[in-house]
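*Asks:* the following comprises the amino acid sequence and a computationally predicted model.
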Amino acid sequence: MEAKSLMNFTTFLQQCLTGISLGGAYALIAIGYTLVYGILRLINFAHGDIFMMAGYFMIFAMAVMPWYIAVPIVLIATTVLGVLIEKTAYRPLRDAPRMSVMISAIGVSYLLQNLATYLFTALPKGYPSIPVLKKVIVFKNLSTSLVTLITPVLTIILVYLLIALVNKSKTGMAMRAVSRDYETARLMGIKIDRIVSFTFAMGSLLAGIGSILYFTDRMTLYPFSGSLPGLKCFVAAVIGGIGSIPGAVVGGFILGIGETALAAAGYSTFSDAFTFVLLIIMLLVKPTGIFGEKAVDKV
């Protein structure tokens with residue numbers, strides 16, 4: 001009886017670690033949505049596909065170089081991709097109606113998916129194994145990979161650094177000014193284009209890190225791998241309060257832990273439905289999200 005209780009407790013801890021790890025990866029991607037929305041009031045629907053492209057970058061980078069060189073190159077390439085998308089698809093529409101920018105975002109998403117299908121085929125590809133992340137850690141009866149332990153810790157560290165950047169640096173001050181009043185910030189001499197590009201760069205960099213942590217555990221990648229995780233991370237940002245960095249993190253962890261708990265209980269079929277049911281409940285109960293601020297109309 002005691003041995004069975006110990007086994008159940010070990011399984012519970014294992015599932016908790018898995019849920020927190022998945023939540024950490026979701027949180028890093030959700031921050032990209034919330035950063036862009038905070039500055040431009042734009043939902044970057046292509047963000048999940050940037051996350052997917054980072055996976056393909058890693059596959060081809062590790063085919064020709066060791067992981068410790070491939071990882072920084074992949075992160076740089078993902079950041080550059082995000083900035084290029086902003087400059088080519090969003091910047092020319094800066095003064096256009098918001099619906100035009102949203103349609104452009106959807107178009108970029110489909111473009112990346114179809115480009116990946118054309119270049120890499122629709123067949124699933126194996127994600128390369130990064131030895132240091134796949135290392136198995138054993139503690140008494142608990143066994144887990146290092147990536148499962150690293151993901152939540154790395155997420156918290158990155159979020160702390162990002163919040164410090166936004167609150168204490170000159171660039172962060174400019175980002176907050178642009179998010180509060182776009183036109184006034186421009187009149188005050190803030191380089192809007194530079195701030196927006198920097199925001200996309202930060203979001204894409206976090207998506208690249210999230211991609212490495214996410215696919216290291218799942219080991220399979222195909223051109224539509226970013227669609228559902230991207231949508232879930234958008235939901236996480238909405239649940240936490242879109243525009244709030246801590247909110248995106250909390251929303252990501254809620255989804256990750258909730259999905260894992262359902263899978264552990266034998267209801268994995270409903271894990272995706274859980275995300276959207278939670279979204280509907282949140283929109284009915286608190287439309288601004290957990291940390292969201294109520295919008296105030298200016299007179």
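*Replies:* On my side now, so go ahead. Since this is a predicted model, take the numbers as computed values, not measurements.

*Asks:* every contact and neighbour count from this point should use C-alpha atoms.
*Replies:* Noted.

*Asks:* need the nearest residue in space to residue 136, chain neighbours excluded.
*Replies:* Of all residues not flanking residue 136 in the chain, residue 145 sits nearest, at 4.3 Å (Cα to Cα, 6 or more residues apart in numbering).

*Asks:* how about the one you found, what does it touch?
*Replies:* Counting by Cα atoms under 8 Å, 6 or more residues apart in numbering, residue 145 touches 133-137.

*Asks:* these in helices, which ones?
*Replies:* 133-134 (DSSP state H).

*Asks:* could you pull out the buried residues of the longest helix seen in the chain?
*Replies:* For the chain, the longest helix by residue count, based on DSSP H, is helix 2-40. Under the neighbour-count criterion of 16 or more other Cα atoms under 10 Å, helix 2-40 has 10-11, 14-40 buried.

*Asks:* same check on stretch 170-183?
*Replies:* 171-172, 174-179, 182.

*Asks:* run through who's touching that stretch.
*Replies:* By Cα under 8 Å, 6+ apart, the residues outside stretch 170-183 that reach it are 38-40, 165-167, 184-186, 190, 192, 195, 199.

*Asks:* could you do stretch 211-219 as well?
*Replies:* Contacts to stretch 211-219, defined as Cα under 8 Å, 6+ apart, come from residues 22, 25, 51-52, 54-55, 58, 126-130, 133-134, 147, 151, 221.

*Asks:* what subset of those residues is buried?
*Replies:* Buried among the contacts of stretch 211-219 (16+ other Cα under 10 Å): 22, 25, 51-52, 54-55, 58, 127-128, 130, 133, 147, 151, 221.

*Asks:* what about the residues you listed, which are in strands?
*Replies:* residue 221 (DSSP state E).

*Asks:* can you put the buried ones among the contacts of stretch 211-219 in CSV and add distance to residue 159?
*Replies:* Below are these laid out as CSV (distance: Cα to Cα, whole Å):
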residue, distance to residue 159
22, 16
25, 12
51, 18
52, 21
54, 20
55, 22
58, 23
127, 26
128, 27
130, 24
133, 20
147, 18
151, 12
221, 26
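
*Asks:* what about the buried ones among the contacts of stretch 211-219, which are in helices?
*Replies:* Using DSSP H, the buried ones among the contacts of stretch 211-219 in helices are 22, 25, 51-52, 54-55, 58, 133, 147, 151.

*Asks:* one step back: the longest helix of the chain - what's its average pLDDT?
*Replies:* Averaged across helix 2-40, the pLDDT comes to 81.

*Asks:* about what we covered before: measure the residue nearest to residue 136 to residue 23 for me?
*Replies:* 16 Å (Cα to Cα, to the nearest Å).

*Asks:* quick one on the thing from earlier: using CSV, lay out the contacts of residue 145 together with pLDDT and distance to residue 231.
*Replies:* Output for the contacts of residue 145, formatted as CSV (pLDDT from 0 to 100; distance: Cα to Cα, whole Å):
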residue, pLDDT, distance to residue 231
133, 83, 26
134, 82, 27
135, 82, 30
136, 80, 31
137, 81, 32
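
*Asks:* quick one: which of the contacts of residue 145 is nearest to residue 283?
*Replies:* Within the contacts of residue 145, proximity to residue 283 (Cα to Cα) peaks at residue 133, which comes in at 37.3 Å.

*Asks:* so which of the contacts of stretch 170-183 sit within helices?
*Replies:* Using DSSP H, the subset of the contacts of stretch 170-183 located in helices is 38-40, 165-167, 184-186, 192, 195, 199.

*Asks:* let me see the ranges of the strands in the protein.
*Replies:* Residue ranges of the strands in the chain, as given by DSSP E, are 125-126, 136-139, 142-145, 220-221.

*Asks:* which one of those strands is the most hemmed in?
*Replies:* Sort the strands of the chain by mean neighbour count, taking mean count of other Cα atoms under 10 Å, and strand 220-221 sits at the top with a mean of 17.

*Asks:* and that one, how far from the chain's centre?
*Replies:* When distances are taken as Cα atoms, centre = their mean, to the nearest Å, strand 220-221 is centred 17 Å away from the chain's centroid.

*Asks:* check stretch 144-161 too.
*Replies:* For stretch 144-161, the distance to the chain centre is 13 Å (Cα atoms, centre = their mean).

*Asks:* having no further points to raise, I will conclude here.
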